[in-house]
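> Have a look; sequence and predicted model below, questions after that.
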Amino acid sequence: QVQLVESGGGLVQAGGSLSLSCTVSGRTFSSYTIGWFRQAPGKEREFVTAIDQSSIYTKYADSVTGRFTISRENAKNTVYLQMNSLKPEDTGVYYCAARETWYEVISPRAYDYWGQGTQVTVSS
């Protein structure tokens, strides 16, 4: 079984920065593509970004391109999400998720394992 734990959420003013972490345990971390998703109250879960097993491929939602950066450190079983120039519309619960292939990475249904989420609130 694979377990994912997010950390680093919090409250920040618009224009500020936050860094999230996703630590994975239970299986070989380097075997997994990792994605970040977010969900605002009353809205569907949406894709934010993803990174493949070897950090060769990354993909970003248009809404975060140029502001967010995903990276991973396989030796620490951890994926990072650096969020800069935050906007109130970035508010939501941020989830990391794992899957074994780099395919349809923007679809939540394609992921096999999920963390519990961490709250990010951006005030205006």
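It's in.
> Show me the beta-bridge partners of the residue nearest the centre of the chain.
The chain has residue 36 as the residue nearest its centroid, 2.3 Å off, counting by CA atoms, centre = their mean. For residue 36, the beta-bridge partners under DSSP bridges are residue 49, residue 96.
> isn't residue 102 right up against residue 35?
No. Using CB atoms under 8 Å, residue 102 makes no contact with residue 35, being 10.2 Å away. Bear in mind the C-beta positions are built from the backbone N, C-alpha and C, glycine included.
> Pretty sure residue 15 sits in a helix.
No. Assessed with DSSP: H, G, I helix; E, B strand; the rest coil, residue 15 is coil; it does not lie in a helix.
> so who does it touch?
85, 86 (CB atoms under 8 Å, 6 or more residues apart in numbering).
> From residue 49, how far off is it?
20 Å (CB to CB, to the nearest Å).
> what are the ranges of the strands in this structure?
Along the chain, counting by DSSP state E, strands occupy 3-7, 10-13, 18-25, 33-39, 46-51, 58-60, 68-73, 78-83, 92-99, 113-114, 118-123.
> Just put these in TSV and tack on mean pLDDT and distance to residue 107.
Shown next, in TSV, are the strands of the chain (pLDDT from 0 to 100; distance: least, CB to CB, whole Å):
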stretch	mean pLDDT	distance to residue 107
strand 3-7	97	17
strand 10-13	98	28
strand 18-25	96	18
strand 33-39	98	9
strand 46-51	98	7
strand 58-60	98	12
strand 68-73	97	17
strand 78-83	98	18
strand 92-99	97	10
strand 113-114	97	13
strand 118-123	98	21
